[in-house]
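> 3D model of this:
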Amino acid sequence: MKLLVVEDERRLARSLAGGLAAEGFAVDVAHDGVTGLHQATEGDYDLVVLDVMLPGLNGYRVCAELRAAGSEVPILMLTAKDGEYDEAEGLDTGADDYLTKPFSYVVLLARTRALLRRRTRGGAPEIVLGDLRVDPASRTVRRGGAEVGLTAKEFAVLEHLAVNAGRVVPKTEIIENVWDFAYGGDPNIVEVYVSALRRKLDAPLGRRSITTVRGAGYRLSPDGG
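The predicted structure follows:
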């Protein structure tokens, strides 16, 4: 899942992005309201963490303009302001939840996951491919009825392949969605995670669910292999 953090305090933004990335999310960061609004409008995000006191456009304006444009992306607002009026103003502009600074990262992570679960509750959050079941809400994977333990990044790679099951997914697309658009490391890191998934999901059962299409990317079998 892709998250956007719009926060002008760069140290806090780096800390949030690093923590969320460690949980398996792909995280982009913007440091002002104008850039944040542009990225939120143009990008395909599952959730936006939005500070209120931003240069350019404040968080209330960013939130209001996203809602006016028809965006339904969940928005978690952050602010150093406190009080019922401030919270009401944030929620009235279309925010889904509100967190006052200073806050616990554990609480922010719990609120983030709750908003993501709420977003998928009305649909079919579990992806079923034969006997392979991927549940984005609980972030669990089952193969043949048995739960398979995956790291956060392994789950994120599998989730993206599962959402696109049957389609060849380019390595660059996986990096953009599982890491972020600014990732500057070795793109072969994807192969490391795909190999780990094969070892955990396929090898114990003698399956071959993830195939490499040379020069194109990876394909997860729609029947789970």
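
> Run through the neighbouring helices and strands of the biggest helix by length in the chain.
Across the chain, the longest stretch assigned as helix under DSSP state H is helix 105-121. Here helix 105-121 touches helix 10-22, strand 47-51, strand 75-79, strand 97-100, going by 3 or more C-beta pairs under 8 Å, 6 or more residues apart in numbering; DSSP states H and E. From N, CA and C alone the C-beta is placed, and that goes for glycine too.

> Next, format these as CSV and append mean pLDDT.
Compiled in CSV, the helices and strands packed on helix 105-121 are given as follows (pLDDT from 0 to 100):
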stretch, mean pLDDT
helix 10-22, 92
strand 47-51, 95
strand 75-79, 89
strand 97-100, 84
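
> out of these, deepest packed?
The highest mean neighbour count among these, using mean count of other C-beta atoms under 10 Å, belongs to strand 47-51: a mean of 27.

> mind listing the strands for the chain?
2-6, 26-30, 47-51, 75-79, 97-100, 127-129, 132-135, 140-143, 146-147, 210-213, 217-220 (DSSP state E).

> would you turn these into JSON lines with distance to L66?
As requested, those are exported to JSON lines (distance: least, C-beta to C-beta, whole Å):
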{"stretch": "strand 2-6", "distance to L66": "11"}
{"stretch": "strand 26-30", "distance to L66": "13"}
{"stretch": "strand 47-51", "distance to L66": "8"}
{"stretch": "strand 75-79", "distance to L66": "7"}
{"stretch": "strand 97-100", "distance to L66": "15"}
{"stretch": "strand 127-129", "distance to L66": "27"}
{"stretch": "strand 132-135", "distance to L66": "28"}
{"stretch": "strand 140-143", "distance to L66": "31"}
{"stretch": "strand 146-147", "distance to L66": "37"}
{"stretch": "strand 210-213", "distance to L66": "36"}
{"stretch": "strand 217-220", "distance to L66": "32"}
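
> List the contacts of the nearest residue to L54 once chain neighbours are set aside.
The shortest distance from L54 to any non-neighbouring residue, by C-beta to C-beta, 6 or more residues apart in numbering, is to G33 (4.0 Å). Residues in contact with G33 (C-beta atoms under 8 Å, 6 or more residues apart in numbering) are V6, L54, P55, G56, L57, N58, G59, R61, V62.
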